[in-house]
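[1] Structure for this input, please:
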Amino acid sequence: MIKNIITTTLLALLLMTGVVQARETVKIAYVDWSSSVASSYVVKAVLEEKMGIPCRLIEMPADEMWKSVAQGRVDAILSAWLPDTHDQYYAKYGEDVDNLGANLEGTRIGLVIPQVPEGRYTSGTGIRNRPFMDIDSIEDIQDNRNRLSGRIVGIDPEAGIMIKTREAMLEYGLENFHLADVSEQNMVRELERSIKAKKWIVITGWEPHWIFARWGLKFLEDPKDVYGNGGHIATLARKGLKEEMPDVYRFLDGFQWEKKDMEQVMLWIHQDKGNFPYEKAVRWINTHQRQVDSWIK
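    Purely as a prediction, here's the structure:
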């Protein structure tokens, strides 16, 4: 304790006298999606707890996030879904950013439905009961318009998956459906209520996401390949960051984790009703020291 107090006091004196200069705050833009929150807070935790560099997270819509890093108003983003989901943003801003590559491989997006039965998962003879929603393809949606109340439940309107879903509605003749744009949290609440009531629902879904561990869900088949064949989440940095903050750039370039890592952080945050995400990120980095060390070596 005494050692820490002395160290803190000396550091404060050095900063006051200009012997040591305070580090400039790293600004990272993110979107209020579970995946974006998880990765952004983990990076913030590493910067502050392991590298001693202050970091400010700035929430904004997806299109503004891309625009901000391209114009140099933020230093980086960790939520570029490529090559399909954010392809329109990459076409517009790709030449104005440094693409540091994938920080997570194996993403998938599409339309998702529950795969849970009316009652028990298995019958008395051990045979698995059929799910209460028995469709397999986006092509089956139109025939069940009444059961779905003519709705597909999405998230914020500028999200890449919403742009792809509007394309899918045209490709599959679903113009008479309403694409509801609500927050991710409200979409998940509606999914939960529908599963409890065994009410039909179609949502915009993506992996990684903790909902796939919480409930039985499946992606509807996409024979017209509107949503693509999966991809990755990339880190993008502003031009000039490499020269101005080489240690931050090097860390961001090395930052890479797996779906199970992100889903663990997302689940912890969800279980605490979205509260204290920074604490969850610190908990994760403290239990994955070797992995974190490999990012900042």
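[2] rest of the way, CA atoms for contacts and neighbours
    OK.
[3] pLDDT of stretch 90-109, averaged?
    For stretch 90-109, the mean per-residue pLDDT is 97.
[4] List the buried residues in that stretch.
    Residues of stretch 90-109 classed as buried by neighbour count (16 or more other Cα atoms under 10 Å): 90, 93, 96-105, 107-109.
[5] now swap in stretch 222-242 and tell me
    222, 226-227, 230-239, 241.
[6] doesn't Ala234 make contact with Pro83?
    No: judged on Cα atoms under 8 Å, Pro83 makes no contact with Ala234 at a distance of 9.3 Å.
[7] okay, the buried residues of stretch 222-242 in a markdown table with pLDDT, distance to Asn176 and secondary structure next?
    A markdown table is the format used below for those (pLDDT from 0 to 100; distance: Cα to Cα, whole Å; DSSP: H, G, I helix; E, B strand; the rest coil):
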| residue | pLDDT | distance to Asn176 | secondary structure |
| --- | --- | --- | --- |
| Asp222 | 97 | 19 | coil |
| Val226 | 96 | 18 | coil |
| Tyr227 | 95 | 20 | coil |
| Gly230 | 88 | 28 | coil |
| Gly231 | 94 | 30 | strand |
| His232 | 97 | 32 | strand |
| Ile233 | 97 | 32 | strand |
| Ala234 | 98 | 35 | strand |
| Thr235 | 98 | 37 | strand |
| Leu236 | 98 | 38 | strand |
| Ala237 | 98 | 41 | strand |
| Arg238 | 98 | 41 | strand |
| Lys239 | 98 | 44 | coil |
| Leu241 | 98 | 47 | helix |
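[8] These: which two are farthest apart?
    Asp222 and Leu241 (39.7 Å; Cα to Cα).
[9] Looking at the buried residues of stretch 222-242, which is nearest Thr25?
    Among those, and counting by Cα to Cα, the member closest to Thr25 is Leu241, at 12.3 Å.
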